[in-house]
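# pasted the sequence and its predicted model underneath.
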Amino acid sequence: MLSQSVAGIVLESPLMLASGILDQNGYTMKRVLESGAAAVVTKSIGVEPREGYFPPIVSVFEGGLLNAVGLSNPGIIHIGTEISIAKEAGKPVIGSIFGATPDEFLRLGSAMEDMKVSGVELNLSCPHVKGVGAEVGSDPALVKQIVSTLKGSLSIPVFSKLSPNVSSVLEIATAASDSDGLVLINTVKGMAVDIYARRPVLSNMYGGLSGPAIKPVGIRYVYEVKKELDPVIIGVGGIETADDAIEYMMAGASAVQIGTALMKHGISVFSTIKKGVAEFLEKEGIKSVSEIVGVAVQ
Ligand SMILES: Cc1cc2nc3c(=O)[nH]c(=O)nc-3n(C[C@H](O)[C@H](O)[C@H](O)COP(=O)(O)O)c2cc1C
């Protein structure tokens, strides 16, 4: 009753690990899968290894977390070993990639396909690194070119992860409409100031906001894109409870991803949410989780 198929990827439940949390290392990805996640998305991987920014790279506040990690990652050559370890759990592993050009995305996507991932997620949305992420993902023509290049060459599903930091999400979602699915949303660009040091908290000044504070933003993007364009959507942003996951699905998401909540609740958050979703379905007399997808869209 919880199983769900997303762009042909069969998931035992709609709950996936979001890119960037516990997912540069094969053993931690495997642990997350064994503790109840139906799939994991790797940290976003680039062509070369990248150290990221100097600390401070995170700032915690009541409503969530501000981060500017700076896309630190081991590079495409080194992620293969980690992916093979994660795959020992017998569940789907999705490879997240970032680049500056269609060619870079293609190189990374082809390498991921050779590593036998179940799909690739294009990071068109990181809000704090120059020349990639949201800078690429806010140019509709470039988004269209990247997606069509990958769709023309890869045989695994291609997901586009979009930014909330754009003036028209529908324009970008339309440009990415050749994707097998859209992932909404990445972090919301934000900032914090240390009032005693009298300077920005993060070394990069600006960061990306995640956690409960962004849930209404994510719900609105999922709803709006589902209503206007009706693509396959994976919802992400501020999910901490079963009710949050159900809300995203009713707004139009076929599956959801969870990130920041792991820092507060640990990896058991997956089994807790899974149990809560199953109980909700039973209480409401709903046979399959797929029946709730988009029911709130009017
Ligand atoms: C520390 C941290 C690192 C992240 N790194 C990535 C990343 O590499 N690629 C990506 O697409 N999203 C990344 N994200 C964004 C998350 O995948 C997710 O879209 C966002 O945090 C909202 O979900 P959440 O509130 O459940 O965390 C990162 C988020 C955090 C908190």
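Okay, I see it. Remember, it's a predicted structure, so these values are computed and weren't measured experimentally. Numbers count the residues shown, from 1 in each chain.
# can you pull up the bridge partners for F159?
E121, G181 (DSSP bridges).
# test my guess that G52 contacts N67.
No: between G52 and N67 there is no contact under Cβ atoms under 8 Å: 10.2 Å. C-betas here are computed from N, CA, C, even on glycine.
# can you list the residues of this structure near the ligand?
Residues of the chain lying close to the ligand (Cβ under 6 Å from any ligand atom) are 18-21, 43-44, 65, 67, 69, 71, 96, 123, 126, 161, 186-187, 210-211, 214, 236-239, 258-261.
# mind redoing it with 5 Å?
Within reach of the ligand by Cβ under 5 Å from any ligand atom, the chain has these residues: 18-20, 43-44, 67, 123, 161, 186-187, 210-211, 236-238, 259-260.
# per-residue pLDDT, the closest residue to the ligand within the chain?
Proximity of the chain to the ligand (Cβ to the nearest ligand atom) peaks at G20, 2.1 Å away. Looking at G20, its pLDDT reads 97.
# what does the one 4 residues further on give?
Among the per-residue scores, Q24 shows a pLDDT of 95.
# which strand or helix spans it?
If you go by DSSP states H and E, Q24 is not part of any helix or strand.
# for A213, see how far away it is.
25 Å (Cβ to Cβ, to the nearest Å).
# and if you look at M250?
Taking Cβ to Cβ, one finds M250 at 20 Å from A213.
# do the same with S84
Taken as Cβ to Cβ, the span from S84 to A213 is 36 Å.
# higher neighbour count, these two?
Higher neighbour count among S84 and A213: A213, with 19 against 13, using other Cβ atoms under 10 Å.
# got phi/psi on the spatially closest residue to that one that is not a sequence neighbour?
Nearest residue to A213, sequence neighbours excluded (Cβ to Cβ, 6 or more residues apart in numbering): G63, at 3.3 Å. Phi and psi for G63, reported as degrees, to the nearest 10, are phi -90, psi 0.
# for G63, list the residues it contacts.
G63 makes contact with 211-213 under the criterion Cβ atoms under 8 Å, 6 or more residues apart in numbering.
# show the pLDDT at it.
G63 is given a pLDDT of 93.
# that one and V188: what is the separation?
11 Å.
# what's the answer for V297, then?
Counting by Cβ to Cβ - V297 and V188 are separated by 23 Å.
# more neighbours, the two?
V188 (20 against 15).
# give me the nearest residue to that one, chain neighbours excluded.
In space, V188 is closest to L209, 4.4 Å off (Cβ to Cβ, 6+ apart).
# so how far is the strand or helix carrying that neighbour off the chain centroid?
Per DSSP H and E, L209 falls inside strand 206-210. Distance of strand 206-210 from the chain centroid (Cα atoms, centre = their mean, to the nearest Å) equals 14 Å.
# ok, now stretch 182-197?
16 Å.
# measure it end to end?
40 Å (Cα to Cα, to the nearest Å).
# how many residues are close by the residue lying closest to M112 once chain neighbours are set aside?
Nearest non-adjacent residue to M112, counting by Cβ to Cβ, 6+ apart: G95, 3.6 Å away. For G95, the count of nearby residues is 27 (other Cβ under 10 Å).
# buried residues of whichever strand or helix holds V217, list them for me.
Per DSSP H and E: V217 is located in helix 215-229. For helix 215-229, a neighbour-count test (16 or more other Cβ atoms under 10 Å) marks 215, 217-226, 229 as buried.
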